[in-house]
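> Sharing a model prediction with you, sequence too.
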Amino acid sequence: MIFFTSICAAMSLQISIDQLDNKTNDLANYLTTELINELNNELNNELNIPLIYAIKIPLKSPYLQLSWQHSIEKTKWQEFYTLQADGFLLTKARVQGTGAGMEIPDNAVFKKTYYEYYPNLKLATLTLTYSPYTADYEICISDQCQALLQWLRLNFKSANTQISLDYQASYKITLSVLLE
């Protein structure tokens with residue numbers, strides 16, 4: 001289910017679009033992007049109301065994999081999460097090498113092409129920063145891997161956009177972004 005929410009004091013706008021089958025997916029992506037752009041222009045530019053866009057993704061398993069490429073070193077980073085009632089548990093991470101501002105932990109072990117380590121870190125929310133100047137994140141949910149913007153069904157190129165991933169024990173992940 002895709003839903004949009006815009007909130008300003010006592011004003012609230014919410015639009016829902018049910019999941020679509022593969023035959024209408026391309027049209028849905030186009031319409032979703034067009035609708036978002038139109039709503040964002042109307043609300044933000046004319047009424048100064050921000051638009052929050054979100055999509056709920058049903059899960060078949062309680063696992064999530066997040067991958068990205070370091071913006072300077074071009075090395076691949078991977079994080080493996082187990083979804084729990086109170087959020088995300090980072091169980092394993094792999095990196096191809098060090099990167100500016102992101103060092104490999106001392107307890108990492110080199111395995112073939114990656115350094116691997118086990119952080120065991122709990123997070124209530126995953127917050128990602130999208131930038132058009134770097135490769136997009138890849139997110140694997142229920143054995144389906146896609147770029148972050150493909151999951152969101154968005155085609156925007158705003159620099160440094162914050163995107164949040166939230167999980168509730170109902171086996172659904174919510175991806176949300178504040179469009180400005």
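Good, I have the coordinates.

> give the contact list for the residue lying closest to F110 once chain neighbours are set aside.
Nearest residue to F110, sequence neighbours excluded (CB to CB, 6 or more residues apart in numbering): E116, at 7.8 Å. For the C-beta atoms, the positions are set from N, CA and C on the backbone; glycine is no exception. Listed by CB atoms under 8 Å, 6 or more residues apart in numbering, the contact set of E116 reads K92, A93, R94, A108, V109, F110.

> could you redo the last one with a cut-off of 10 Å?
By CB atoms under 10 Å, 6 or more residues apart in numbering, E116 lies in contact with Q78, F80, K92, A93, R94, V95, I104, N107, A108, V109, F110.

> will you turn these into JSON lines that also has distance to L64, pLDDT and secondary structure?
Formatted as JSON lines, the contacts of E116 follow (distance: CB to CB, whole Å; pLDDT from 0 to 100; DSSP: H, G, I helix; E, B strand; the rest coil):
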{"residue": "Q78", "distance to L64": "11", "pLDDT": "94", "secondary structure": "strand"}
{"residue": "F80", "distance to L64": "8", "pLDDT": "96", "secondary structure": "strand"}
{"residue": "K92", "distance to L64": "12", "pLDDT": "97", "secondary structure": "strand"}
{"residue": "A93", "distance to L64": "13", "pLDDT": "95", "secondary structure": "strand"}
{"residue": "R94", "distance to L64": "15", "pLDDT": "95", "secondary structure": "strand"}
{"residue": "V95", "distance to L64": "18", "pLDDT": "92", "secondary structure": "strand"}
{"residue": "I104", "distance to L64": "22", "pLDDT": "86", "secondary structure": "coil"}
{"residue": "N107", "distance to L64": "23", "pLDDT": "92", "secondary structure": "coil"}
{"residue": "A108", "distance to L64": "21", "pLDDT": "93", "secondary structure": "coil"}
{"residue": "V109", "distance to L64": "23", "pLDDT": "94", "secondary structure": "strand"}
{"residue": "F110", "distance to L64": "25", "pLDDT": "93", "secondary structure": "strand"}
